[in-house]
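In: Predicted model follows, preceded by the sequence.
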Amino acid sequence: MTVPIDAYLVVGAGLFGIGVIGVLVSRNLIILLMSVELMLNAANLALIAFSRALNLMDGHAFVFLVLTIAAAEASVGLAMVITLYRNHDTVNIDRFSILKW
Amino acid sequence: MENIILTLIIFFPTLGALLLLIIPGDRKDSIKGITLIISFVTMILSFWLYAMFETHGLGMQMEVNIPWIESMGVGYHLGIDGISLLLIVLTTVLTLLAVLASWHSIHHNLKGYYFSILILMTGMIGVFCSLDLFLFYVFWEVMLIPMYFIIGIWGGVRRVYAAIKFVLFTMFGSLLMLVGILYLLYQYQAFSGEYTFDILKLYHTPLTFIEQMWLFAAFALAFAIKVPLFPFHTWLPDAHVEAPTAGSVILAGVLLKMGTYGFLRICFPMFPDATITFLPYISVLALIAIIYGALVAMVQKDVKSLVAFSSVSHMGFIMLGMFALNIQGLQGSVLQMLNHGISTGALFLMVGMIYERRHTRLISEFGGLAKVMPLFSTLFLIVTLSSIGLPLTNGFVGEFLILLGLFDANKVYAIIASSGVVLSACYMLWMFQRVVFGKITNPENEKLVDLTLREKLVMFPLIILIFWIGIYPKPFLEKIEPAANMVMKHMERASSVKFDEENSRLVIIDDSDAVLISTDYETIKK
Amino acid sequence: MTLDLVIFIISALTAIFGALMMIFQRNPVASVMYMILSLVSQAVLYMQLGALFIGAVLIIVYAGAILVLFLFVIMMLNLRQTEDMDSDSTPISKLAKFLVSGLLFLEMLFVVRGSYFQSSVETGLLSPQIDDFGSVESVAELLFTTYLYPFELTSILLLTAIVGAVVIARKPSNEDPVEILPFDSDDDEFKSAKAAE
Amino acid sequence: MTEYIYLIPILPLIGFLINGLALNRLPKSVVSAVACGSIGLSFVLSVILFFELKALEPSSRVIEQVLFPWISVGSFHVNFAFLLDPLSAIMILVVTGVGFLIHVYSVGYMSHDPGYSRYFAYLNLFTFSMLTLVLADNFLLMFVGWEGVGLCSYLLIGFWFEKKSASDAGKKAFIVNRIGDFGFLIGMFIVFWSVGSLNFNQVSSIAPTVFAFGGTLITAACLLLFVGAIGKSAQIPLYVWLPDAMEGPTPVSALIHAATMVTAGVYMIARTNVLFMLAPDALMVVAVIGAATALFAATIGLVQNDIKRVLAYSTVSQLGYMFLACGVASFSAGIFHLMTHAFFKALLFLGAGSVIHAMSNEQDMRKMGGLKKHLPITFMTFLIATLAISGIPGLSGFFSKDEILWKSFSSQSGHPIFWVIGFITAGLTAFYMFRLVYMTFYGQERMDEKTKSQLHESPKSMTIPLMVLALLAVVGGWVGMPHILGATNYFEDWLSPVFSHGEAVNTHALLSSTADSSMEWLLMFASVALVLVAIYLAYNFYLKKTSLSTAMKEKLSGVHKTLLNKYYVDEFYGAVIVRPIIYFSLFLWKIVDVLIIDGLINGSATVYNDISEFLRQGQSGRVRSYATIFTLGVVVLLAFFMTD
């Protein structure tokens, strides 16, 4: 008995959903960033599953690229977190509302 | 030469502007010098144009017609008649004087300032030369941006408000005009199967009466805002008061003429029936502008806004003269456009001179200038009198012809308009008295110095022109006459008017649907 | 109930559990730990799908590098769970957020249901259809031939990100204070210019 | 010589340019030489031309000189052209002659003024404008001179510009004149669009064929032209500027506000006599306004204390006489009075100037008195002028005034009431003029000691013009003796070609209804008797029993106050016209412009602003709410694609 591909996709969707919840409700910037990473990983899982189902390797290459981007995002995001913390002494996202004019 | 002279005049200032870009911003003297040379050469070129112009020639001269965006029927079509010729010369002269006048009054970002002025010059001359609606519209908008910067960056305290108001008013009108242009394009295409923006061809677009009415309204609004006709005038005092001297001079001297020029070049010949129908309403608005502008000018506290409101009044005269639809009114109007540019330009220049000395424009701050600045006072008197329209100055000839023509067309309008002559004396002389006469009450005025050589140079050509046009207007009137007759001939294709060759005036044919009110205009039964 | 299925269920549940714990932890350090847990479980899932190399990379790079970076930042900032974590969001807005996320999840399920992968595919660690499926060579070949440009671009992206991170996180020195120019400052400037006259 | 007509106005213009452009850099002697020399040359040229004209046949005494085409648009052509005919010949003689004398007088009078060259420049410019006015061969060029003299009047009234009252008076003069010009302008339009030309000769010959006799259009045209005359010649209701114009230097008052400019209205009506003859109703209005002004101004003159103001009201009153003459279609009598009035009124003003000069710029007659022995020449010449204006037989004023009175009585378009008004005015004139003489030259010396010690007769440059003018005031009237004295009326004969067109149009206007010479004798004696009585009364009131005048003043204090305040006309105009206009303008500016129009525009901007402000609330700046909305968007989009 083999595992249906759909099952992997459902797990991916679940992880993605959790990631979304994390982005929407968490107040800690760092957890928020990790939720974003989680969403990326959920997408990766789906990519791998598709790759397997179609028996094509391209999905693996995509995942590799996504991983790189995730790393870049994490580094820039963390740098921003550091700066924000330095200036505002908090990582509570509700304390920042400077994204407006 | 005939082929390229117009292109040269239009784009020479642009070349100069580009040249300015490569000069470092801190080399102020060379920036000023280059601008001065460029505008001077442009002026000489316009004089050459004037010399080449064939006085009694009918139709457009120096025409250039090169396809530009062929798929849309856009052409690079230039050409001038007597009306545009005089306005081009006025533009180049006033711009040169404006450059000279702002020699010491602009302190920061000189490069941007002179760049704006030169681009503005291109826009203004371009509008007067364009015989292609697309080109016309492009130049029309090109004018707007530099003026916005000139007011908004180098202006007075409330400059941002004034600049935005100016742009919004003008934009509002010109967007409607754009819609009108596009409609006209498709209408002409339906008629002839050809897409074209050529103004001369579009004169022959067949339009129903209702279409004419809407199109006229769209174009007329754009032009009326520019004129400015009451009640669209409120941008003018703000813009004038806040603009630097050169801005005011160009604004009053040339930009306002765009509106009246637009009426003559586009509204009248393209929508003659609508012109006749709208005639009474626009005339009444112009009458209101005359009286209203004069009365409001009387109680102004700021010299510049007084002159601005006087412009409203004077431009009302010009509108009325055009809508008299006879040769006297039309020629008077065009001449008065020139006169208004000269007199009001001179007034703004002189106000700028005392502003540079005292940094205020409030009338109450002055008084007794005749004692310390006799030459200034004398020239100011001459300019004031020319604005009032005293005989032997330029203002009289224009105003007289307008009223003469108007009297033939409609006696009641003429009589009401003539009262503006009395009122103009009231507000101008009252202002003159408060600024120049009396004892020096403000100690700051004691040590004012009289005009410098540069200021004398600025005023000299204008004073000459004031008397030249006043005493011997023939060369100017000659240039206008064929063009003015042409405008009326173009209007003849309307169902409601006929050109009375003998008296050179339009006669309104009665019992056509188009005529709503024409009580006093000469009418004949069909 | 094959072994594959058992492994799948266990690691899937662990992944979900880790993810949930991660987002609901107050303490960021614990959060990171749960994230690692979730990641490792996901790596298992990857490998089950034949992606041996990617699975390994996931553990090495993600768990080993990125999350350590997170941990490092948390330590550096010395964040506590007692930190100011007040929120001005109301319970209703919180509920709305859950609802929106739930809806998204449901929709994704619908998508999965509607897709044509309904037939089950042979999975398992050792049952690839092509010989070197998921091997380092095959991934590398793809990356350096077909996906060369994107690959190079990502490298530039990474470089940019590094530089960006350095610039952003740099301590502002006193020599070049950041100038703040409000939009309508020119009037004040005018006034001061006028006063200077 | 007739090709040199243009030199007559051009010479003063050259003088103006020299003095004006030199900007105070020339020495005073050069300035005065240029100014007086240019107008003196003009005068000589005028005399020569006058005699050349006289040598011609009466019917061919019309010389036109076209300088260059001025404005030419469509059917409208106007030339810069001058016209010399008997009427303009008289006028240029008066203008250059009297003008020359006043220029000479000014050399002495203004010798200490810092604005010396400016003064002479203006004066020359004025002479140029006035000569253009009278020599113009068309309405438009006349209008040039018309406005030009207005401008010079403005400049010269406000000559001492540091005095607020002076510049106010100048402005008032200009604006009131402009109101008149407004009428002139529209009258001109009617004439042009009916006749098709503005040339005087063409108008005269064409007008009778295009206008219906007594028609509405011609009446309107004449009335509008007359409005122009009212403004320029200071008639009711636009006379208010002239008394204020006395703020200017006294020679200016003599030249502009007595001898020349203010008579331009009379000249204009005489020039366009054909039109007025075509409109009997308009003539009637002219006569009524003239008569009313004559009486009205004379009553104000009775009580004024400022020596120049008395003369100013006297001028207004005398101008009324001239209009009365024109109104009864006796244009030559009007011009005759214009000429004699120019002599004696200029003399009176110059005499007054001499008095003021001696009194250190004191103008209040209550502070004068007994000046006879200090200023003998001034006194003698002033007395001659006073006798002339009062109408003592033999002097110039008598002949002209008597002709007007007789014509207003006898002419077909006249009426005995006009005569009665003129008769009363003559009495009043004699009374206030002798009041002036008695208060100034006779009786106690009421000035303070300092002024008294400085009393002196004026220098020769001032007294010689006085004497010349005195001579003219005596003999000037002899050219127009009435027929019943058995003499020939040379003046009337000289002018008759000019008025023949008009007479041809309206033949019965001038016919005497009661051409009875005994009646004429009777009326003449009556007026002379009245003048003598008035002089006697003045003698009693102001010299012999001064208590009488004070008693009278108290008895009629209401009337006296009203007269002293000039019937409160200025106040009335201020309250009814000026102030409402100012308030209305303020209303237009503050309410209509700023509040309504700008309010609408700024209001619509505010509405947009408010809407944006509301929408801006969505932009909280909080990342999480943005993310929520973003997610919601994804949800909705996904749902959309799935249902597709």
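Out: In hand now; what should we look at?

In: In a helix, B:His77, correct?
Out: No - using DSSP: H, G, I helix; E, B strand; the rest coil, the secondary structure at B:His77 is strand, not a helix.

In: so it sits right up against B:Leu135, yeah?
Out: Yes - counting by Cβ atoms under 8 Å, B:Leu135 is a contact partner of B:His77 at 6.7 Å. The way it works is simple: take the backbone N, C-alpha and C, and place the C-beta from them, glycine included.

In: out of those two, which sits in the more crowded spot?
Out: Each of B:His77 and B:Leu135 has its neighbours counted (other Cβ atoms under 10 Å in any protein chain shown); B:His77 has more, 26 against 23.

In: what sits against the more buried one?
Out: Contacts for B:His77 were tallied using Cβ atoms under 8 Å, 6 or more residues apart in numbering or on different chains; they are B:63-66, B:130-132, B:135, B:198-200.

In: List the contacts of the helix or strand where C:Phe98 lies.
Out: Using DSSP states H and E, C:Phe98 sits within helix C:91-114. Applying Cβ under 8 Å, 6+ apart, the set of residues contacting helix C:91-114 from outside is A:6, A:9-10, A:13-14, A:16-17, A:20-21, A:24-25, C:89, D:624-625, D:628, D:631-632, D:634-635, D:638-639, D:642.

In: Mean confidence (pLDDT) on that helix, please.
Out: Averaging pLDDT along helix C:91-114 yields 85.

In: ok, now stretch A:89-98?
Out: Throughout stretch A:89-98, pLDDT has a mean value of 78.

In: Next, the buried residues of it.
Out: For stretch A:89-98, burial by neighbour count (16 or more other Cβ atoms under 10 Å in any protein chain shown) applies to A:90-96.

In: do stretch B:343-363 as well
Out: Within stretch B:343-363, the residues that qualify as buried by neighbour count (16+ other Cβ under 10 Å) are B:343-355, B:357-358, B:361, B:363.

In: Tell me how far stretch D:233-246 lies from the chain's centre.
Out: Chain-centre distance of stretch D:233-246: 8 Å, with Cα atoms, centre = their mean, to the nearest Å.

In: Which of the contacts of helix C:91-114 fall within helices?
Out: Using DSSP state H, the members of these that fall within helices are A:6, A:9-10, A:13-14, A:16-17, A:20-21, A:24-25, D:624-625, D:628, D:631-632, D:634-635, D:638-639, D:642.

In: partners of D:Asn199 in the sheet?
Out: Listed by DSSP bridges, the beta-bridge partners for D:Asn199 are D:Asn138.

In: wait, it sits on D:Asp137?
Out: Yes - between D:Asn199 and D:Asp137 a contact is recorded at 6.1 Å, counting by Cβ under 8 Å.

In: if we can go back for a sec, just checking, next helix/strand downstream of the helix holding C:Phe98?
Out: Tracing the chain past helix C:91-114, the next element assigned as helix or strand by DSSP H and E is helix C:136-144.

In: Counting neighbours, which bits of that next one end up buried?
Out: Within helix C:136-144, the residues that qualify as buried are C:138-139, C:142-143, counting by 16+ other Cβ under 10 Å.

In: Can you give me the neighbour number for D:Asp306?
Out: D:Asp306 has 15 neighbours, counted by other Cβ under 10 Å.

In: Next: the one 3 residues further on.
Out: Applying the criterion other Cβ under 10 Å, we find 19 residues in the vicinity of D:Arg309.

In: Under a three-state scheme, what state does it occupy?
Out: helix.

In: residues contacting it?
Out: D:243, D:246.

In: Distance check, it against chain C.
Out: For D:Arg309, the distance to chain C equals 50 Å [Cβ to the nearest Cβ, to the nearest Å].

In: Same check on D:Leu84?
Out: 62 Å.

In: Could I get the phi/psi values of the nearest residue to that residue once chain neighbours are set aside?
Out: The shortest distance from D:Leu84 to any residue other than its chain neighbours is 4.4 Å, reached at D:Ile63 (Cβ to Cβ, 6 or more residues apart in numbering or on different chains). Torsion angles at D:Ile63 (phi, psi; degrees, to the nearest 10) stand at phi -120, psi 120.

In: So D:Ile63 versus D:Leu49, what's the distance?
Out: With the distance defined as Cβ to Cβ, to the nearest Å, D:Ile63 ends up 8 Å from D:Leu49.

In: ok, now D:Val203?
Out: Applying Cβ to Cβ to D:Val203 and D:Leu49 gives a distance of 24 Å.

In: next one: D:Ile307
Out: As for D:Ile307, its distance to D:Leu49 is 37 Å (criterion: Cβ to Cβ).

In: ok so, going back, so how far is the helix holding C:Phe98 from its chain's centroid?
Out: Taking Cα atoms, centre = their mean, one finds helix C:91-114 lying 20 Å from the centre of the chain it belongs to.

In: Next, count neighbours for C:Ala12.
Out: By the other Cβ under 10 Å criterion, the neighbourhood of C:Ala12 contains 24 residues.
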